[in-house]
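[1] everything below, folded, please.
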Amino acid sequence: MNDGGTMDLQATFDNSQVEQITDHDDPNRVYHIMLVEDETIVALDVQERLESLGYQMAAHATTGEEAIRYAIELDLDLILMDVKLRGQLDGIETAAQIRMSKDIPIIYLTAFADENTLKRASLTEAYGYMIKPFEDRELYSTIEMALYKYKIEKKLRESEERYALATRATHDGIWDWDLRKNEIYYSPRWANMLGLQDQQISYMLGEWLDRLHPEDYPKTKQAIFAHLEGTTPTLECEYRILHQDGGYRWMLCRGLALLDSNKKPYRMAGSQSDISNRKRIEQELFHKALYDELTGLPNRALFLDRMNIILEHTKRTNNRLSALLFLDLDNFKIINDSYGHICGDELLIAIGQRLEECVRPGDTVARFGGDEFAILVDTVDEQAIATNIAKRIHNELTHPFFINNKEIIISASIGIVFLGTNYRSSEDLLRDVDTAMYSAKNRGRARYEIFNYKMREQTLHRVDREIELRRALESHEFSLYYQPIYTAIGIQLVGFEALIRWQHPTRGLILPGEFIHIAEETKLIVPLGDWVLHEACAQAQAWNAATLKPLKMSVNISRLQLQDDHFVQNIQSALSKHGLEPHLLELEITESVAMENVEQTFQHLKQLQKIGVSVAIDDFGCGYSSLDHLKRFPANILKIDRSFINDLKENDLAIVTAMISMAHQLRLKVNGEGVETENQLAILSDLECDEVQGYYLGKPVPQDLVWGILSESVSNNKA
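    Numbers count the residues shown, from 1 in each chain. Presented below is the predicted three-dimensional model:
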């Protein structure tokens, strides 16, 4: 209510406007989106992601001309526009032409965040910017924000006439400037918008201009005089103006000058509208485009922009030393899987805060996405400044985090590269710092590595090996060797362990130590492991059918195979296809893999035990196993690592004795690996070890030599 006891029509209008926006939303509506992207692979990826998020891609255009035609013909809710397009029109020019004929919100997709591109794009009133590559969460939130903002603006436009009537009725934000007398009339509502009473203001121009924010004063004054001089058809400008409470409000000012017979302005009148909410939304959108939504740190786009500025300066001056640190959390996926994504997000926020405490004022800490962070250390006098920051980070991460009453300890692998004149682009920098980071991971994690060119050579070597591995898998260059397994007492053949070999066309026979780690990193271990499983099952069935002797086949299983949701079905499929009895298949997993993602591992192995498949824990004693886990672990046999068998004296003998005793108490069999001497065999036999294998008893041999071992075994049994 105002002083006269009547309802404030402006407030009524504002409230009804909010109700219109919220009451008419349809949560079941499917929004139709056009993607303008000339890269087919990128377009297919974006389409899949849009559809997974519940949107419908109504059209896909590859050129500006095609996009304009679709925009005119189709009923679209939103356009995702790539800035760089083939043809005569780029994305910004295409958007400008579409906006001339159709009112459709547009979001730009770009790999470039340079100032010139952003400035050109802003002229088309874009509803958002997304820097490639982007995550699903970022895509969804940007689209929803754009649709929401467009919906608000559309309803505001639809209510413009009603708003004009309400403004006249209440004299809301009206000003009238008599240019001849240089006096301005301000309506009571104009004064009230600034927290003032009508009697508190005079008719002077200073009541308006003197309250403007210092940054907005020059452009506002320029806009006023440009209209008075006839260079603009109307006055329209935005500015911040001081409120009585000491804060600033964003206003949109519109006006029109009246001309006398000599075409000289003698009067100008207009209105002032509070656009603080719209500005707040725009600022939120701008902040969202350049800052990480979770941690509040600069995101990849802003970080790359700052890095490019420093890189350009380094090229020009040739005397500026800066450093780039790239950080990846070690085993973060395990924390997410164990404690949930909410806990993982809280941990990322806390880590971001600690990282900011480790750098100097002026350095930039950014979240690149997922569990990756980047730090830009600007202007360092010596390399030790950057390495000291890395050391401080490692020291900070040694202190536990307390998230939702849980104590969490995590480490990070850090790559460091120094910006120099030898770098021409940010892509080269990111490539090398990523290489350094992976070098830190490969050398044990929880450490930092400074990039050197030998690392790049190693990376290229790894890429070559990956290509060779893929070719080898397609060309059937892999084969299995089989090492016999015997009873420790009586030396009776009980089965074989299948071991993979690579028959390289030029390098000859390659042992798994040279290629298995690459296969695991590139996930080629999954198809490779599947081939080993089927080949071993087929061979085991052939030997058992020929000898009529139940010989087991032991097959090594990788971490990625074990984590596959279809792991148990794959095992059952291999057994069924080759007719092998389940109790004749033994699956080996290492101790470290057994303790990773324990619950899923337990579940899979229990299912296998139910159908009769045996489980062996390989390399036992080299990792860290919780005894509580071990006593519950669905295993049938422990394979003692060869490092304990090599020297069965004093400590090692005591450890092996304890392992065998503990395993037997847990009703597990024991296999002693790496038996190379008669003395080792005798000791293991005396300790009542169940099974043994090693070079003393038999080396791994190709398939055609196994028949000799089988024949000898049959002869020994008859004897």
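[2] which residues does the residue in the chain sticking out farthest from the centre contact?
    Most distant from the centre of the chain: residue 261, at 66.5 Å, with distances by CA atoms, centre = their mean. In this structure, residue 261 makes contact with no residue, judged by CB atoms under 8 Å, 6 or more residues apart in numbering. Where C-beta positions appear, they are placed from N, C-alpha and C, glycine not excepted.
[3] the helices in the stretch 101-250 of the chain, which residues?
    Under the criterion DSSP state H, counting those that start in this stretch, the stretch 101-250 of the chain carries helices at the ranges 115-122, 136-158, 160-170, 188-192, 206-209, 217-228.
[4] got phi/psi on the residue farthest from the centre of the chain?
    The main-chain torsion angles of residue 261 are listed as degrees, to the nearest 10 and equal phi -60, psi -20.
[5] from residue 233, how far out is it?
    If you measure residue 261 against residue 233 using CB to CB, to the nearest Å, the figure is 20 Å.
[6] what's in contact with the helix or strand that contains residue 50?
    With the criterion set as DSSP states H and E, the secondary-structure element containing residue 50 is helix 40-52. Outside helix 40-52, the residues within contact range by CB under 8 Å, 6+ apart are 33, 35, 37, 56, 57, 60, 62, 80, 109, 132, 136, 139.
[7] out of those, which are buried?
    33, 35, 37, 57, 60, 62, 80, 109, 139 (16 or more other CB atoms under 10 Å).
[8] these in strands, which ones?
    Taking DSSP state E, the ones among the buried ones among the contacts of helix 40-52 that sit in strands are 33, 35, 57, 60, 80, 109.
[9] let me know the closest of those to residue 155.
    residue 33 (20.8 Å; CB to CB).
[10] tell me who's in contact with that closest one.
    By CB under 8 Å, 6+ apart, the contact set of residue 33 is 50, 55, 56, 57, 58, 76, 77, 78, 79, 80, 143.
[11] what's the answer for residue 93, then?
    Residue 93 makes contacts with residue 64, as judged by CB under 8 Å, 6+ apart.
[12] that one sits in which helix or strand?
    With DSSP H and E as the criterion, the answer for residue 93 is helix 91-101.
[13] what's the angle between that helix and strand 56-61?
    With axes from the mean of the first three to the mean of the last three CA atoms, to 10 degrees as the basis, helix 91-101 and strand 56-61 are set at 110 degrees to each other.
[14] any idea of the mean pLDDT for helix 91-101?
    Mean pLDDT, helix 91-101: 89.
[15] what about it, distance to the chain center?
    In terms of CA atoms, centre = their mean, to the nearest Å, the centre of helix 91-101 is found 32 Å from the chain centre.
[16] mind listing what's buried in that helix?
    By neighbour count, with 16+ other CB under 10 Å as the criterion, the buried positions of helix 91-101 are 91, 92, 94, 95, 96, 97, 98, 99.
[17] so how far is residue 37 from the first one?
    Between residue 91 and residue 37 the distance, using CB to CB, works out to 9 Å.
[18] now for those two: what residues contact both?
    Taking CB under 8 Å, 6+ apart as the criterion, residue 91 and residue 37 both touch 82, 109.
[19] now do the contacts for the spatially most central residue of the chain.
    Within the chain, the residue whose C-alpha comes closest to the C-alpha centroid is residue 370; the distance, by CA atoms, centre = their mean, is 3.6 Å. Neighbour list for residue 370: residue 332 [criterion: CB under 8 Å, 6+ apart].
[20] what's the average pLDDT for stretch 676-687?
    The average pLDDT within stretch 676-687 is 92.
[21] could you report the pLDDT at residue 175?
    Turning to residue 175, the model gives it a pLDDT of 91.
[22] just residue 719 next, same as before
    Confidence per residue is given as pLDDT, and for residue 719 that number is 46.
[23] per-residue pLDDT of the closest residue to residue 270 other than its chain neighbours, please?
    By the measure of CB to CB, 6 or more residues apart in numbering, the closest residue to residue 270 outside its immediate chain neighbours is residue 255, 2.7 Å from it. Looking at residue 255, its pLDDT stands at 92.
[24] can I get the helix or strand containing residue 472 in PDB, CA atoms only?
    In this structure, residue 472 is located in helix 453-474 according to DSSP H and E. What follows is helix 453-474 as a C-alpha-only set of coordinates in PDB (Å, rounded to 0.1, in the frame of the first residue of the first chain):
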ATOM      1  CA  TYR A 453      61.300 -34.600 -24.300                       C
ATOM      2  CA  LYS A 454      62.200 -38.200 -23.400                       C
ATOM      3  CA  MET A 455      58.700 -38.500 -21.900                       C
ATOM      4  CA  ARG A 456      57.200 -37.500 -25.300                       C
ATOM      5  CA  GLU A 457      59.300 -40.200 -27.000                       C
ATOM      6  CA  GLN A 458      58.000 -42.700 -24.500                       C
ATOM      7  CA  THR A 459      54.400 -41.600 -25.100                       C
ATOM      8  CA  LEU A 460      54.900 -42.000 -28.900                       C
ATOM      9  CA  HIS A 461      56.400 -45.400 -28.200                       C
ATOM     10  CA  ARG A 462      53.300 -46.300 -26.200                       C
ATOM     11  CA  VAL A 463      51.000 -45.100 -28.900                       C
ATOM     12  CA  ASP A 464      52.900 -47.300 -31.400                       C
ATOM     13  CA  ARG A 465      52.700 -50.300 -29.200                       C
ATOM     14  CA  GLU A 466      48.900 -49.700 -28.800                       C
ATOM     15  CA  ILE A 467      48.500 -49.700 -32.600                       C
ATOM     16  CA  GLU A 468      50.600 -52.800 -32.900                       C
ATOM     17  CA  LEU A 469      48.500 -54.500 -30.200                       C
ATOM     18  CA  ARG A 470      45.300 -53.800 -32.000                       C
ATOM     19  CA  ARG A 471      46.800 -55.100 -35.200                       C
ATOM     20  CA  ALA A 472      48.200 -58.200 -33.500                       C
ATOM     21  CA  LEU A 473      44.700 -59.000 -32.100                       C
ATOM     22  CA  GLU A 474      43.200 -58.700 -35.500                       C
END
